[in-house]
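Novice: could you look at this predicted model? Sequence included:
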Amino acid sequence: AQKVTQAQTEISVVEKEDVTLDCVYETRDTTYYLFWYKQPPSGELVFLIRRNSFDEQNEISGRYSWNFQKSTSSFNFTITASQVVDSAVYFCALNAYNTDKLIFGTGTRLQVFP
Amino acid sequence: EAGVTQFPSHSVIEKGQTVTLRCDPISGHDNLYWYRRVMGKEIKFLLHFVKESKQDESGMPNNRFLAERTGGTYSTLKVQPAELEDSGVYFCASSQTRSGGADTQYFGPGTRLTVL
């Protein structure tokens, strides 16, 4: 069975703090894909990143970085120097090879206070 | 380029009524998906179209839900008759072509359905 766990339901930080959102996944497939999506207050799901299971290199995009570790089945997301505009619900998702359905975690609500 | 659009943004209906949700995918995207998020829970897959064909409808909860994608462009999701437990946010997503089964899916803003 495939499963994504986001144990942190809600996180509150003050602007400029660094914050890490945890994502742990379960799958028996050797080829799979991991995603992060952001849902701002406006409601749409905004794609942030996609990683495949063969690429464990960490990725950095501006203030965002992702740490993929197959040994612990984790795909954590860090925001450096958080800003109020980062306030949103963040979803981690898993997609196994040759399937098309995304398996989502329950999401982590991040609130960044000024 | 326009993103995925959904209509209406919000619908409030009474139990037993019918509601039809519409999704327009990104132009040129063959794959169209429907997902649903019930309050506080995870977003769950409902079904997947490749062009006008249903590729996977394993997530459809019951036969009160009917999805169509005539002509392989926009899609509709009809709930008839609606029940209280159908309340939630219905998301539509699209992706271009299958490439090993994991094209990036781009989501619309969702339709919030409230059944009273």
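Specialist: Looks like it arrived, so ask away.
Novice: could you list the low-pLDDT ranges of chain B?
Specialist: Where chain B drops to pLDDT under 70, the residues are B:1, B:98-102.
Novice: mind jotting down where the strands sit in it?
Specialist: With DSSP state E, the ranges of strands along chain B come out as B:5-7, B:10-13, B:19-24, B:31-37, B:43-50, B:53-56, B:65-68, B:75-79, B:88-95, B:106-107, B:111-115.
Novice: would you list those in TSV and tack on mean neighbour count and distance to A:L110?
Specialist: Yep, even glycine has a C-beta here, placed from its N, CA and C like the rest. Putting the strands of chain B into TSV (neighbours: other C-beta atoms under 10 Å in any protein chain shown; distance: least, C-beta to C-beta, whole Å) gives the following:
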stretch	mean neighbour count	distance to A:L110
strand B:5-7	17	24
strand B:10-13	15	24
strand B:19-24	19	28
strand B:31-37	24	17
strand B:43-50	22	17
strand B:53-56	14	32
strand B:65-68	16	32
strand B:75-79	20	30
strand B:88-95	23	19
strand B:106-107	22	18
strand B:111-115	19	21
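Novice: which among the ones you listed is found nearest to A:L21?
Specialist: strand B:43-50 (16.0 Å; C-beta to C-beta).
Novice: go ahead and confirm B:K51 touches B:H29.
Specialist: No - look at B:K51 against B:H29 with C-beta atoms under 8 Å: they stay out of range, at 9.9 Å.
Novice: between the two, tell me which one has more neighbours.
Specialist: Remark: of B:K51 and B:H29, B:H29 carries more neighbours, 19 against 13, as counted by other C-beta atoms under 10 Å in any protein chain shown.
Novice: ok, back up a step: format the strands of chain B as CSV; extra columns: distance to chain A.
Specialist: Listed next are those as CSV, based on distance: least, C-beta to the nearest C-beta, whole Å:
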stretch, distance to chain A
strand B:5-7, 9
strand B:10-13, 10
strand B:19-24, 13
strand B:31-37, 7
strand B:43-50, 4
strand B:53-56, 6
strand B:65-68, 14
strand B:75-79, 15
strand B:88-95, 6
strand B:106-107, 4
strand B:111-115, 8
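Novice: out of the ones you listed, nearest to A:V19?
Specialist: That would be strand B:43-50 among these, by C-beta to C-beta, at 21.8 Å.
Novice: which residues of chain A lie near chain B?
Specialist: Neighbours of chain B within chain A, by C-beta under 8 Å from any C-beta of the partner chain: A:4, A:31-33, A:35, A:37, A:42-47, A:50, A:52, A:91, A:93, A:95-107.
Novice: hmm, 10 Å instead?
Specialist: Neighbours of chain B within chain A, by C-beta under 10 Å from any C-beta of the partner chain: A:3-6, A:9, A:31-35, A:37, A:39, A:42-47, A:49-50, A:52-53, A:89, A:91, A:93-107.
Novice: of those, grab the buried ones for ChimeraX.
Specialist: To isolate the buried members of the residues of chain A next to chain B in ChimeraX, using 16 or more other C-beta atoms under 10 Å in any protein chain shown:
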select /A:4,5,6,32,33,34,35,37,39,43,44,45,49,50,53,89,91,93,94,95,96,99,100,101,102,103,104,105,106,107
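Novice: narrow the residues of chain A next to chain B to those in strands?
Specialist: Judged by DSSP E, the residues of chain A next to chain B include A:3-5, A:32-35, A:37, A:39, A:46-47, A:49-50, A:52, A:89, A:91, A:93-96, A:103-104 as members of strands.
Novice: what's across from the most centrally placed residue in chain B in the sheet?
Specialist: Computing the C-alpha centroid of chain B and ranking residues by C-alpha atoms, centre = their mean puts B:W34 first, at 3.0 Å. Counting by DSSP bridges, B:W34 is bridged to B:L47, B:C92.
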